[in-house]
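A.B. asks: Okay, structure incoming, though there's no sequence with it:
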């Protein structure tokens, strides 16, 4: 649009008759089968019809944009007096018909009146400083709103599921339920047993005796194994062929090694196998964060 | 496993699952020892996409993975299968959604600032129930208002892989051009001022 | 409309609908003036069925109409798409298992005596389904309660050749000493173990 022509519109801001509706304008109401594109000025408007008008607007910014676009005007250069007058006519109509008018519409009316009055003040050219156009804030808001109004239409036009596209789906009969069962480490069960026995105060009644194999000796053996192999799956540290005694001693040895910080027991995530490895020699070396022995 | 077999498994999976599947989800169907790597899987997907040419379904990638979908050319006819019409969304809802999509994370207040009207709570509820938006945090200001953002389901629903694929926002035009003209011609400002008085009377009369 | 087109529309409809469609439902997609008769529709369905040969879906007629379904040959692999993440076993379950392992054969009542709470039947069921415990007999007392014991699968799972290889209770004494010491070192490795203790009074609600 031509800027010079636009700015000229300011000069006839008081022109009483706005330009006729633009060609191709969408009627925003159908009353008795007749498309209505503009609020008739001198005619009785059925309240339902005006309600339809109002519902067609998403708020004061939307109404203003409509008034501006209807006249093919540039948002950047709004003939403020003219637009204000038209806007007020709508507001007045709504009020006359006792339609519930959102407060935002009145706020906008006040803003327009204020801009208009500021436009009346002569600009002080001598001051040398650039005064901001009183319409700047309104123009910014109108533009910002219009961007998102457009974006909403763009989103609505995107091909979307259920309307334009359909998810292709075919039945799968004989589907099996695949359940991954939780992992349990022998140690978890031992700990559980210890707890339950302890709770039951049965500890005293249990026959506890010292084992004959040296826990210390086994600690060394385990460390040697870890030194050679790096990461060793926890269960492989036990030698079932040694029998109950051997397993017990290994277990005690591992716990002692843990306590002394000589080894780490790590698990990638819950229910995954436990692994043992020599603890990092550097005390400042980062520890494995998710080291955890799950017991419950 | 040859590529033809893999392609068949992928097609079967996408049809049976009825929702988008990611490359990793597709790979998880296989035991570790036989698991195709991501490149193989992508090749199988590309092959499947080619095979769909000339068929009523197409393979597309959306935010949460790959989807076999019935082409839009069939939508009008297929709509007759369902009693209910597909939902239409109001301008208010779409504008709110657009603001959340383009400006996320955003508070209700910020949406209201742009739209110039209060946000209808029903709209936020509908969008949340549809799974298109969610609360992603709170703004560190008094009242700790909720920050809203869009979800992967939103992208999936609108066939987008990421927010980058949203239609681009219109550029803001600069008012300075017009402003400068006003400053230098001098005339229009005077005219406006002169013209303003009667206009003001008009407006008053109208109110 | 040629038969190829009709076949495509039928395929699109069946895939979009995801449920069986009758010949009449399929015909309803068309306006009266263009509506294929039932014979045409059946021909299109037959053509589509033929086309599906060698593809991972097949067209079958079921009670309520025609359905495109994924061939059952894919069922086992595809089932993995829905596999559930494992949840962890509760302390109650582990304690019950431990008591059965160390004190077998043991009745529920005896487990309850030691644990101080009723045995949740779901726990016994879960352990039985897992194949770790079984009924090994009945105690010769009023009510003839079942005696529970562990199975060979239980031993296999824990890498034991026989029950003799269960860590002896002596280990518990050592563990207890070590455990208490460890609690004070605060090493990350024992946090979980230590954290387990206060939870001793948890109910058997979870499995």
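C.D. replies: Arrived safely, thanks for sending. As the structure is a computational prediction, the values presented were derived from the model and not from experiment.
A.B. asks: For residue A:183, give me its contacts.
C.D. replies: The contact partners of residue A:183, by Cβ atoms under 8 Å, 6 or more residues apart in numbering or on different chains, come to A:270, A:271, A:272, A:273, C:86. (C-beta placed from N, C-alpha, C; glycine too.)
A.B. asks: Just the buried residues of those residues.
C.D. replies: Applying 16 or more other Cβ atoms under 10 Å in any protein chain shown to these, the neighbour count classes residue A:271 as buried.
A.B. asks: with the contacts of residue A:183 in mind, which one is nearest to residue A:247?
C.D. replies: Within those, distances to residue A:247 taken as Cβ to Cβ reach their minimum at residue A:273, with 17.1 Å.
A.B. asks: give the contact list for residue B:159.
C.D. replies: Applying Cβ under 8 Å, 6+ apart, we find residue B:159 in contact with A:158, A:159, A:160, A:161, A:165, B:60, B:62.
A.B. asks: Can you narrow those residues down to the ones near chain C?
C.D. replies: Judged by Cβ under 8 Å from any Cβ of the partner chain, the overlap between those and the neighbourhood of chain C is nil.
A.B. asks: among the residues you listed, who's most crowded?
C.D. replies: In terms of neighbour count, residue A:165 stands highest of those at 23 neighbours, by other Cβ atoms under 10 Å in any protein chain shown.
A.B. asks: Is that residue in contact with residue B:57, as I believe?
C.D. replies: No: judged on Cβ atoms under 8 Å, residue A:165 makes no contact with residue B:57 at a distance of 10.0 Å.
A.B. asks: Okay, and which of the contacts of residue B:159 map to helices?
C.D. replies: Here DSSP state H is the test, and the contacts of residue B:159 give no hits in helices at all.
A.B. asks: CSV for these, including pLDDT and distance to residue C:28?
C.D. replies: What follows is the contacts of residue B:159, written out as CSV (pLDDT from 0 to 100; distance: Cβ to Cβ, whole Å):
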residue, pLDDT, distance to residue C:28
A:158, 94, 29
A:159, 92, 25
A:160, 93, 24
A:161, 93, 22
A:165, 93, 21
B:60, 97, 28
B:62, 96, 30
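A.B. asks: Strands - which of these land there?
C.D. replies: When DSSP state E is applied, the contacts of residue B:159 are split such that B:60, B:62 fall in strands.
A.B. asks: now, among the contacts of residue B:159, which is nearest to chain C?
C.D. replies: Minimum distance to chain C across these is 8.9 Å, recorded for residue A:165 (Cβ to the nearest Cβ).
A.B. asks: How about the contacts made by the closest one?
C.D. replies: By Cβ under 8 Å, 6+ apart, residue A:165 lies in contact with A:159, B:69, B:70, B:71, B:72, B:75, B:159.
A.B. asks: Just the buried ones among those residues, please.
C.D. replies: The neighbour count (16+ other Cβ under 10 Å) marks B:69, B:70, B:71, B:72, B:75, B:159 as buried among those.
A.B. asks: okay, those residues in TSV with secondary structure and pLDDT next?
C.D. replies: Shown next, in TSV, are the buried ones among the contacts of residue A:165 (DSSP: H, G, I helix; E, B strand; the rest coil; pLDDT from 0 to 100):
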residue	secondary structure	pLDDT
B:69	strand	97
B:70	strand	97
B:71	coil	96
B:72	helix	95
B:75	helix	93
B:159	coil	95
